[in-house]
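# Need coordinates for the following:
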Amino acid sequence: MSLWVNILIVMALSTTKYLAGVAVAVVNLGNGWGAFTYFATTIGGGMIGVVAYDLLLMEVLYYIKKKRGIDPTKIKINKKMRRLVVFRKRFGLTGVALLTPVLLQVPIGTILAGTIEQNSKKVFLYMFVSFSLYSSLFYFLYQFLGVNPNDALKMLQFWK
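Residues are numbered from 1 along each chain as shown. Next up is the predicted model:
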């Protein structure tokens, strides 16, 4: 595939499933990508996802409040909602931002961070730092320790 197709694939994956985008980018590092392309696609894709889901959250909240006349604070409480509230209170914006790339996914982490902090610029900053840390970590693992997700996938294909 061409360079631009690979860049678009990594960016599209990074907008929703950040680790999948990083894994594809690391495999492309072995195929001739430079460090700048790696960081620009993974961090850029993640940030595009954060901006898109933050704007989507604002539109949904506006629609719920104004158009439907529903108070979003009066939601049904179930076990999953309780866990999210406990998680939100315990870790705050920093914890949500740090866990978004690996445990939570970009849409869920962005929406959770948007409910914690009303200032979108602060959410963007925390998510940017988080994406930068994880991209640097996986780049370090690949360059200096030789950890390649493609090799791990080949080892997991025991049925061949």
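
# can you pull the buried residues of the top helix by length along the chain?
Assignment by DSSP state H gives helix 35-62 as the longest helix of the chain. Buried residues in helix 35-62, counting neighbours by 16 or more other C-beta atoms under 10 Å, are found at 37-47, 49-51, 53-54, 57. In short, each C-beta sits where N, CA and C put it, glycine included.

# Kindly report the same for stretch 145-152.
Residues 148-149 are the ones in stretch 145-152 that count as buried (16+ other C-beta under 10 Å).

# quick one: contacts of it?
Around stretch 145-152, the neighbours that count as contacts under C-beta atoms under 8 Å, 6 or more residues apart in numbering are 23, 26-27, 30, 141-142.

# Of these, keep whichever come out buried.
The neighbour-count criterion (16+ other C-beta under 10 Å) marks 23, 26-27, 142 among the contacts of stretch 145-152 as buried.

# what about stretch 6-15, average pLDDT?
Regarding stretch 6-15, the rounded mean pLDDT is 91.

# With only the CA atoms kept, save it in CSV.
Below are the C-alpha coordinates for stretch 6-15, written out as CSV (Å, rounded to 0.1, in the frame of the first residue of the first chain):
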residue,chain,number,x,y,z
ASN,A,6,-1.2,3.7,5.6
ILE,A,7,-1.2,7.2,7.1
LEU,A,8,-5.0,7.4,6.8
ILE,A,9,-5.5,3.9,8.2
VAL,A,10,-3.4,4.7,11.3
MET,A,11,-5.1,8.0,11.8
ALA,A,12,-8.6,6.4,11.4
LEU,A,13,-7.7,3.7,13.9
SER,A,14,-6.2,6.2,16.3
THR,A,15,-9.5,8.2,16.4
